[in-house]
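[1] just a sequence and a predicted model for now, questions to come.
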Amino acid sequence: MHVLADSGPTRATEEIGHLLGYLAASQCEFFRNGTWYGPERAARHLRRKYAYYMDRTSAPTADEFVAEFASASSMSGKPYRVRCADQPEQPSGAWFSAELTRYRVSAVGRSAAPAH
């Protein structure tokens with residue numbers, strides 16, 4: 001696993017925190033190992049999974065987090081899915097990746113905006 005210099009732990013931690021908060025605040029359900037879970041419970045699961053990993057190795061980038069933790073069960077290998085009222089059901093990795101892209105674009109806009 002590689003942590004790129006321009007996406008160091010601080011940026012990665014912020015982005016991963018955003019993704020977990022985004023899930024928890026959503027009205028979406030999260031499919032894991034044969035059961036649909038509410039957003040807060042799903043976010044708690046992914047936080048625990050991330051914390052477990054962080055106790056054992058270096059910090060992943062947000063993209064690695066999506067690919068390695070938020071896309072499939074590490075126990076069964078089965079993919080996670082997300083379903084929201086306003087969207088078709090989809091793989092959780094695609095859902096998180098789309099939000100990560102949106103978040104990064106909005107962060108660039110915020111940092112480029114002139115201070116008032």
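    Structure received. Numbering: from 1, shown residues only.
[2] tell me the pLDDT at Leu19?
    pLDDT, Leu19: 97.
[3] that one - nearest residue in space that isn't next to it in sequence?
    Closest residue in space to Leu19, ignoring its immediate chain neighbours: Phe96 at 5.5 Å, by Cβ to Cβ, 6 or more residues apart in numbering. To be clear about C-beta, it is placed using only N, CA and C from the backbone, and glycine gets the same treatment.
[4] one more: Trp95?
    Here the nearest residue to Trp95 in space, its sequence neighbours aside, is Val82; by Cβ to Cβ, 6+ apart that works out to 4.3 Å.
[5] and the lengthiest helix in the chain, which residues are buried?
    As far as residue count goes, and with DSSP state H defining each element, the longest helix of the chain is helix 92-112. Neighbour-count burial for helix 92-112 flags 92-93, 95-97, 99-100, 103 (criterion: 16 or more other Cβ atoms under 10 Å).
[6] for it, give the mean pLDDT please.
    What helix 92-112 shows for mean pLDDT is 88.
[7] alpha carbons of it, as PDB, please.
    Listed next in PDB are the C-alpha coordinates belonging to helix 92-112 (Å, rounded to 0.1, in the frame of the first residue of the first chain):
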ATOM      1  CA  SER A  92     -20.700   0.800  -2.800                       C
ATOM      2  CA  GLY A  93     -17.300   1.400  -4.300                       C
ATOM      3  CA  ALA A  94     -18.800   3.300  -7.200                       C
ATOM      4  CA  TRP A  95     -21.100   5.300  -4.800                       C
ATOM      5  CA  PHE A  96     -18.100   6.200  -2.500                       C
ATOM      6  CA  SER A  97     -15.900   7.000  -5.500                       C
ATOM      7  CA  ALA A  98     -18.500   9.400  -7.000                       C
ATOM      8  CA  GLU A  99     -18.800  11.200  -3.700                       C
ATOM      9  CA  LEU A 100     -15.000  11.400  -3.300                       C
ATOM     10  CA  THR A 101     -14.700  13.000  -6.700                       C
ATOM     11  CA  ARG A 102     -17.500  15.500  -5.900                       C
ATOM     12  CA  TYR A 103     -15.900  16.300  -2.600                       C
ATOM     13  CA  ARG A 104     -12.500  16.800  -4.200                       C
ATOM     14  CA  VAL A 105     -13.900  19.100  -6.900                       C
ATOM     15  CA  SER A 106     -15.700  21.100  -4.300                       C
ATOM     16  CA  ALA A 107     -12.600  21.300  -2.100                       C
ATOM     17  CA  VAL A 108     -10.600  22.700  -5.100                       C
ATOM     18  CA  GLY A 109     -13.400  25.300  -5.600                       C
ATOM     19  CA  ARG A 110     -13.300  26.300  -2.000                       C
ATOM     20  CA  SER A 111      -9.500  26.600  -1.900                       C
ATOM     21  CA  ALA A 112      -9.500  28.700  -5.200                       C
END
